[in-house]
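**Student:** got a sequence here, can you build the structure:
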Amino acid sequence: MSVSNSDFLRYSRQILLPDVGETGQVNLSQAHVAIVGVGGLGNLVAQYLAAAGVGNLTLIDDDKVELSNLPRQLLFSDKDIGEYKSETAAYKLSNAYLGCNVQAETDKLAENNSQTLLVHMDLVFDCTDDFGTRQLINLTCLRVKAPLITASVANFNGQLFMVDMESAPDSGCYACLFPEDTLVSETCQSVGVLGPMVGVMASMQALLGMNLLLGIPVPSGKFLRFDGLSMQWREARLIRDLACHVCGERVEPFKSQTKTQSRTSDPSLNCDGEA
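**Tutor:** The predicted model follows:
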């Protein structure tokens, strides 16, 4: 299968890349990606993917547009206030990028629908701001064997990493890094963030995802942190926790268990995902 003449012209700059080419562009057009949370991160990730020629996007968010969203969630405007984020984003992306099939889901991701919504996805992006939802996305992606890319932003700090138990099982999962007993002391209402900080992390999240879809080697097993004040990136190695209640070897695989609250605040809190 090859790209059409119009698509060749549209995507010519990325097709020129040796790591993309026509084959890579076809792979993007056939991919189906889910984005959970259409806030600051999800807005930009969705737009980057649609503009790059990813063929199928599913946007999952039960939240509605608010005035305070507009400085960072650039797909929305004042006239969208009160409308569902997922539906509004899907409508605008579908009109702007005709080659992308965008579906909106306005139900909140929950235990009773998570597998139905995320099964058969080539890739899932966690762009949410809720710790419980992040844990559920992680658990569901392990169950349906879908790669997961998660990013977060708070203040001038950003975090990014990938979970893929198929290609990098030794790196563990989200629950290895932030167990369910983690105490979350900050909320999106109490922690500020600048729009460009969200843009940096969304760009990196989208880039990592596109590389994965294109078959380009990605930095699996790495926890990347960006300091927006010093403009520095730092990385740490992710190691699977053999006692993890989700992916550990001493428990039934992917079985969620309740643990006693005892950990410190979750540094992965995204204060602009707004799932």
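**Student:** okay, how far is it across stretch 99-114, tip to tip?
**Tutor:** Length of stretch 99-114, first residue to last, C-alpha to C-alpha, to the nearest Å: 27 Å.
**Student:** pull the distance from it to the chain's centre.
**Tutor:** 13 Å (C-alpha atoms, centre = their mean, to the nearest Å).
**Student:** quick one: buried residues of that stretch?
**Tutor:** Across stretch 99-114, burial judged by 16 or more other C-beta atoms under 10 Å covers 99-105, 109, 114. The way it works is simple: take the backbone N, C-alpha and C, and place the C-beta from them, glycine included.
**Student:** need phi/psi at residue 110.
**Tutor:** Phi and psi for residue 110, reported as degrees, to the nearest 10, are phi -140, psi 180.
**Student:** the helices in this structure, which residues?
**Tutor:** In the chain, the helices defined using DSSP state H lie at 5-10, 12-15, 21-30, 40-52, 85-96, 114-118, 131-144, 174-177, 195-214.
**Student:** winner for burial among the ones you listed?
**Tutor:** Most buried of the helices of the chain, by mean neighbour count (mean count of other C-beta atoms under 10 Å): helix 40-52, with a mean of 26.
**Student:** and it, average pLDDT?
**Tutor:** When pLDDT is averaged along helix 40-52, the result is 98.
**Student:** now the helices of the chain in CSV, with distance to residue 229?
**Tutor:** Below are the helices of the chain laid out as CSV (distance: least, C-beta to C-beta, whole Å):
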stretch, distance to residue 229
helix 5-10, 38
helix 12-15, 32
helix 21-30, 35
helix 40-52, 19
helix 85-96, 29
helix 114-118, 35
helix 131-144, 25
helix 174-177, 23
helix 195-214, 10
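**Student:** tell me which of the ones you listed lies nearest to residue 239.
**Tutor:** Proximity to residue 239 (C-beta to C-beta) singles out helix 174-177 among the helices of the chain, at 7.5 Å.
**Student:** for that closest one, packing partners?
**Tutor:** Secondary-structure packing of helix 174-177 (3 or more C-beta pairs under 8 Å, 6 or more residues apart in numbering; DSSP states H and E): helix 131-144.
**Student:** which helices and strands sit right next to the helix it packs on?
**Tutor:** helix 114-118, strand 123-126, strand 148-154, strand 157-163, helix 174-177.
**Student:** how far away is residue 141 from residue 173?
**Tutor:** In this view, residue 141 and residue 173 are 8 Å apart by C-beta to C-beta, to the nearest Å.
**Student:** quickly list what's touching both of these two.
**Tutor:** residue 163 (C-beta atoms under 8 Å, 6 or more residues apart in numbering).
**Student:** sorry, back to before: compare the helices of the chain and give me the one nearest residue 158.
**Tutor:** The closest of these to residue 158 is helix 195-214. By C-beta to C-beta, the value is 4.1 Å.
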